[in-house]
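1. give me the fold of what follows.
(2 chains)
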There are 2 protein chains.
Amino acid sequence: MQRMAIDMDEVLADTAAHQLAWYTRDFGPGITIDDLHGRHFHTVVPEAHRPRIREHLFDPTFFRDIPLVPGAIDAMRTLGERYEIFVASAAMEHPVSFNAKFAWLREHFPEIPPTNCIFCGDKSVLGADYLIDDSPYQLVKFRGEPIIFTAPHNVHETRFRRVADWPDAVRQLMADG
Amino acid sequence: MQRMAIDMDEVLADTAAHQLAWYTRDFGPGITIDDLHGRHFHTVVPEAHRPRIREHLFDPTFFRDIPLVPGAIDAMRTLGERYEIFVASAAMEHPVSFNAKFAWLREHFPEIPPTNCIFCGDKSVLGADYLIDDSPYQLVKFRGEPIIFTAPHNVHETRFRRVADWPDAVRQLMADG
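-> Prediction:
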């Protein structure tokens, strides 16, 4: 069975929507999801707000109640019939997030065993056949087949096979493998 | 540069000595390190004590102040000249341990970047050239070259290339690669 590593933030977890919600709670409704097209969240907000949005990512509770990316649960079930699924999160960037991320995964994806949950900052060390990730930084180093999952910030990236969302990923990847 | 994944408990961290210290604190001096020869800690203690030693492993502070395995710091420096070092801990077995383990690694091994610290329950997913681990369970599935690091519980294991301690590992592995 081929192995598929799947990123968490912006792929299983709708981190951008959650950041926007926390931002709006603190600063009011000045930014919309459309403003994030082709850009990272921290580059969109006024400079004076950046320290605060950085604090959000280092809040131990931030990662606990992120909404799911639509279709993620069904996709994990379907893809799990053809691939061995690993979830790989670069949680080392925000070490306070380990417990919240692990609890979130256990809650939403109980079929994925804890042994298949991975926290690693450099995904080039993963010996998987596929990596589905929103981050070109991780994808470019990966040694299997990299697949970019569309997120607002990566829409201009052209170097990787792309899946637009989970229904698209299921269509493409159930035909592979 | 070849990549070397190195386990944490019983390899960098002297977890057996720490378990014994916590056990002795709770139950008095009834067990010595020699009693662990060829056996796992939980099989050596009286059955009535087993729930308590299991609790130790689920105490969030247990993994924070484990002593170092002798020679580990020097070995990481020397091996780091020839190999790219990743530390891989199966922390998912004791999820409360993430923060303590990460903090311990940052304290004792500041030269190993956070991106090279990995928490993963199934090390067969690591695409490294070597894995140094005390656990036959992890070594047998690993896809690179498995190397067993001597710990009391694994002394009868014969399936893997063995290093007796860190000075031995440095001698053997600085000649390889």
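2. doesn't residue A:85 make contact with residue A:112?
-> Yes - between residue A:112 and residue A:85 there is a contact at 5.8 Å, judged by Cβ atoms under 8 Å. Using the backbone N, CA and C atoms, a C-beta is placed for each residue, glycine as well.
3. so for these two, which sits in the more crowded spot?
-> Neighbours per residue, other Cβ atoms under 10 Å in any protein chain shown: of residue A:112 and residue A:85, the larger number sits with residue A:85, 22 against 19.
4. A helix includes that one, no?
-> No - under the criterion used here (DSSP: H, G, I helix; E, B strand; the rest coil), residue A:85 is strand, not part of a helix.
5. which outside residues touch the lowest-mean-pLDDT helix or strand in chain A?
-> Every helix and strand in chain A was compared by mean pLDDT, DSSP states H and E; the lowest is helix A:41-44, with a mean of 87. Contacting residues not belonging to helix A:41-44 are listed as A:16, A:19-20, A:23, A:31, A:35-36, A:50, A:53-54, A:153 [Cβ atoms under 8 Å, 6 or more residues apart in numbering or on different chains].
6. ok, so of these, who is nearest residue B:173?
-> residue A:54 (40.1 Å; Cβ to Cβ).
7. what residues are up against the closest one?
-> Counting by Cβ under 8 Å, 6+ apart, residue A:54 touches residue A:42.
8. and residue A:158, helix, strand or coil?
-> Classification of residue A:158 by three-state DSSP places it in coil.
9. and it, how many neighbours?
-> 8.
10. tell me, what's touching residue A:112 and residue A:85 both at once?
-> Residues touching both residue A:112 and residue A:85 (Cβ under 8 Å, 6+ apart): residue A:76.
11. hmm, back to that, buried stuff in the least confident helix or strand of chain A?
-> Neighbour counts over helix A:41-44 (16 or more other Cβ atoms under 10 Å in any protein chain shown) mark A:41, A:44 as buried.
12. picking that back up, and the contacts of helix A:41-44, which are buried?
-> A:16, A:19-20, A:23, A:31, A:36, A:53, A:153.
13. isn't residue A:68 up against residue A:10?
-> No - using Cβ under 8 Å, residue A:68 makes no contact with residue A:10, being 11.8 Å away.
14. what residue of chain A is the furthest out?
-> For chain A, the largest distance from the centre (Cα atoms, centre = their mean) belongs to residue A:48, which lies 26.5 Å off.
15. quickly note the distance from that one to chain B.
-> Distance of residue A:48 to chain B, computed by Cβ to the nearest Cβ, to the nearest Å: 28 Å.
16. before we move on, what about residue A:67?
-> Residue A:67 sits 22 Å away from chain B, going by Cβ to the nearest Cβ.
17. how many other residues sit next to that residue?
-> 13.
18. isn't it right up against residue A:15?
-> No - the criterion here is Cβ under 8 Å, and residue A:67 misses it with residue A:15 at 9.2 Å.
19. list the buried residues of the helix or strand where residue A:171 lies.
-> Assigned by DSSP states H and E, residue A:171 belongs to helix A:166-175. Neighbour counts over helix A:166-175 (16+ other Cβ under 10 Å) mark A:166, A:169-170, A:173 as buried.
20. likewise stretch A:88-104?
-> A:88-92, A:94-102, A:104.
21. again with stretch A:62-77
-> Residues of stretch A:62-77 classed as buried: A:62-63, A:66, A:69, A:72, A:75-76 (neighbour count, 16+ other Cβ under 10 Å).
22. poorly predicted segments of chain A, please.
-> Applying pLDDT under 70 to chain A flags residues A:177.
23. residues of it that sit close to chain B?
-> Chain A comes close to chain B at residues A:3, A:5, A:86, A:90-93, A:95-96, A:98-99, A:102-103, A:113-122, A:124-128, A:143, as judged by Cβ under 8 Å from any Cβ of the partner chain.
24. one more pass at 7 Å, please.
-> Neighbours of chain B within chain A, by Cβ under 7 Å from any Cβ of the partner chain: A:3, A:86, A:92, A:95, A:98-99, A:102, A:114-122, A:125-128, A:143.
25. in a helix, residue A:88, correct?
-> No - with three-state DSSP as the criterion, residue A:88 is assigned strand and is not in a helix.
26. all helices for chain A, in order.
-> Shown for chain A, the helices assigned by DSSP state H span residues A:15-27, A:41-44, A:50-57, A:72-82, A:98-108, A:136-139, A:166-175.
27. how far does the third one sit from the chain's center?
-> Read that as helix A:50-57. Helix A:50-57 has its C-alpha centroid displaced from the chain centroid by 18 Å (Cα atoms, centre = their mean, to the nearest Å).
28. follow-up on the earlier one: list just the nearest of the buried ones among the contacts of helix A:41-44 to chain B.
-> The closest of the buried ones among the contacts of helix A:41-44 to chain B turns out to be residue A:153 (Cβ to the nearest Cβ; 20.0 Å).
29. check contacts around the closest one.
-> Going by Cβ atoms under 7 Å, 6 or more residues apart in numbering or on different chains, residue A:153 touches A:36, A:38-40.
30. cool, residue A:162 as well?
-> Neighbours of residue A:162 in contact, by Cβ under 7 Å, 6+ apart: A:148, A:150.
31. who does it bridge with?
-> Per DSSP bridges, the residues bridged to residue A:162 are residue A:148.
32. tell me the spacing between it and residue B:103.
-> Residue A:162 is 38 Å from residue B:103, where distance means Cβ to Cβ, to the nearest Å.
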